[in-house]
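Student: no letters, just coordinates:
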């Protein structure tokens, strides 16, 4: 009935797989767990190989990236419905799988998205950037997600029909970090496929340091420029991405040219504040606007 698909990169998934296996044993359903390792370090591979009793493990020799690895699951799964979970997810509900199966049978959706949350406990300052940003932008109630159609979609916790993923695959032109889910959600939107929301969240258990998250943000913004090119600057896409909407509005009205010198002056201060963990959320939004402006101008 259900294939659980976990792309793995340098994360020990022992607890995640064990928790899922425990729930599977309580269900009278045909469920498999499949891991595809995207060329992790040997130490991680060795730890995860101990899980072969509970799951099928495929190890890639070279890193293929976040889009291609998800597409690869289609050829390794035997069931018609695929549940994708990020490898750093933590199961927080004892009936996580049972609830998904019940909802999937009742709603018969093409795509069912469970969402994610972050811990309410405030971490050390060196982790605050990811924590504050993600709690503000990703830890959304089902009501908030339902009001936003496909635009809150993330790849860390969703079920999709295998047949649909074969037709609308993740775009493998995106090789770096970030926005493969944004493009995939828009492809679903253009195909008139609605993402049905579920209150069946997982916990995002691992936090990046501020420095690492800033680096990932740059990579994601570069990918966003690539998405724009792939979509040929689709106006509907731009309209639904706040960063792009702001950027192109400033550019259209001539304000971007005026603001650029100011941007370059304040960017080092913004970066320093964000890296230190002493910041307001608007500062991160401004930093992304400045960085996107720089990347877009040179690509």
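Tutor: Arrived safely, thanks for sending. All values derive from a computational prediction rather than experimental measurement. Numbers count the residues shown, from 1 in each chain.

Student: contacts only, for the most far-flung residue of the chain relative to its centre.
Tutor: Most distant from the centre of the chain: residue 258, at 34.4 Å, with distances by Cα atoms, centre = their mean. Contacts for residue 258 (Cβ atoms under 8 Å, 6 or more residues apart in numbering) come out as none. (C-beta placed from N, C-alpha, C; glycine too.)

Student: wait, a helix at it?
Tutor: Yes: counting by DSSP: H, G, I helix; E, B strand; the rest coil, residue 258 is part of a helix.

Student: from residue 115, how far out is it?
Tutor: 40 Å (Cβ to Cβ, to the nearest Å).

Student: go on, residue 39?
Tutor: Relative to residue 115, and taking Cβ to Cβ, residue 39 is found at 29 Å.

Student: ditto for residue 154
Tutor: In terms of Cβ to Cβ, residue 154 sits 8 Å off from residue 115.

Student: about what we covered before: who's more crowded, residue 39 and residue 115?
Tutor: Applying other Cβ atoms under 10 Å to residue 39 and residue 115 shows that residue 115 carries more neighbours, namely 23 against 15.

Student: so what's the more buried one scoring on pLDDT?
Tutor: The model reports residue 115 with a pLDDT of 87.

Student: next: residue 198.
Tutor: Reading off the confidence values, residue 198 has pLDDT 90.

Student: that one contacts residue 101, correct?
Tutor: No: taking Cβ atoms under 8 Å as the definition, residue 198 is not a contact partner of residue 101, at 11.4 Å.

Student: can you list contacts of the helix or strand containing residue 248?
Tutor: For residue 248, the host element (DSSP states H and E) is helix 242-252. Under the criterion Cβ under 8 Å, 6+ apart, residues 224, 228, 237-239, 256, 259, 285, 288-289, 292-293, 296 lie in contact with helix 242-252.
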